[in-house]
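Engineer: Sequence plus predicted model, see below.
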Amino acid sequence: MRIALFQPDLPPNVGTLVRMGACLGLPVDIIRPCGFPLGREALRRSAMDYFEHADIHIHADWAAFQEDVPGRRVLLTTKAAMPYTDATYLPGDVLVVGQETVGAPDFVHEAAALRVRIPMKPGLRSLNVALAAAMVAGEALRQTGFSPQ
């Protein structure tokens, strides 16, 4: 299982997800362009001392990510009909989160084999992408019996 960030806007969310990936043994894919300068030092600052333990892959764009990373795409989106707790996850899944400000574009939705949402109170827009990814990853890892090595 992997976590993919599509064109992230906020460095703190990247740092949070890199830290989660390091702690849980999940590779983290960052798909450019980003809404901030992304380099080794910026990643090191946002991920703190977890950077050295993380498996980070940076892709030039969506096409490069699609070519480089195998696995079923599971998109976390407020537009999905299926609650994340009703989905069946597979060990090779790639959990994809969209941009913090605008979500994921249509071509990312179309590439997803599965789209899931986190049920929320009516009238509220969305959760922080790092929090959403953590919730869905927790359920996916529970279902697949994954244990970090």
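Structural biologist: Happy to help now that I have it.
Engineer: How far off centre is the top helix by length along the chain?
Structural biologist: Secondary structure of the chain per DSSP state H: the longest helix is helix 129-144. Offset of helix 129-144 from its chain centre (Cα atoms, centre = their mean, to the nearest Å): 9 Å.
Engineer: can you check stretch 74-88 too?
Structural biologist: With Cα atoms, centre = their mean as the basis, the mean position of stretch 74-88 lies at 13 Å from the chain mean.
Engineer: Let's see it as PDB, backbone CA atoms only.
Structural biologist: C-alpha atoms of stretch 74-88 as PDB (Å, rounded to 0.1, in the frame of the first residue of the first chain):
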ATOM      1  CA  VAL A  74      -8.100   4.600  -4.600                       C
ATOM      2  CA  LEU A  75      -9.200   8.300  -4.700                       C
ATOM      3  CA  LEU A  76     -10.300  10.000  -1.500                       C
ATOM      4  CA  THR A  77     -12.900  12.500  -2.600                       C
ATOM      5  CA  THR A  78     -15.900  14.300  -1.300                       C
ATOM      6  CA  LYS A  79     -17.600  13.500  -4.600                       C
ATOM      7  CA  ALA A  80     -17.600   9.700  -4.000                       C
ATOM      8  CA  ALA A  81     -20.800   7.800  -3.200                       C
ATOM      9  CA  MET A  82     -19.100   5.000  -1.200                       C
ATOM     10  CA  PRO A  83     -18.100   5.600   2.400                       C
ATOM     11  CA  TYR A  84     -14.500   4.600   3.000                       C
ATOM     12  CA  THR A  85     -15.600   2.000   5.600                       C
ATOM     13  CA  ASP A  86     -17.700   0.100   3.000                       C
ATOM     14  CA  ALA A  87     -14.800  -0.300   0.600                       C
ATOM     15  CA  THR A  88     -12.700  -3.400   0.300                       C
END
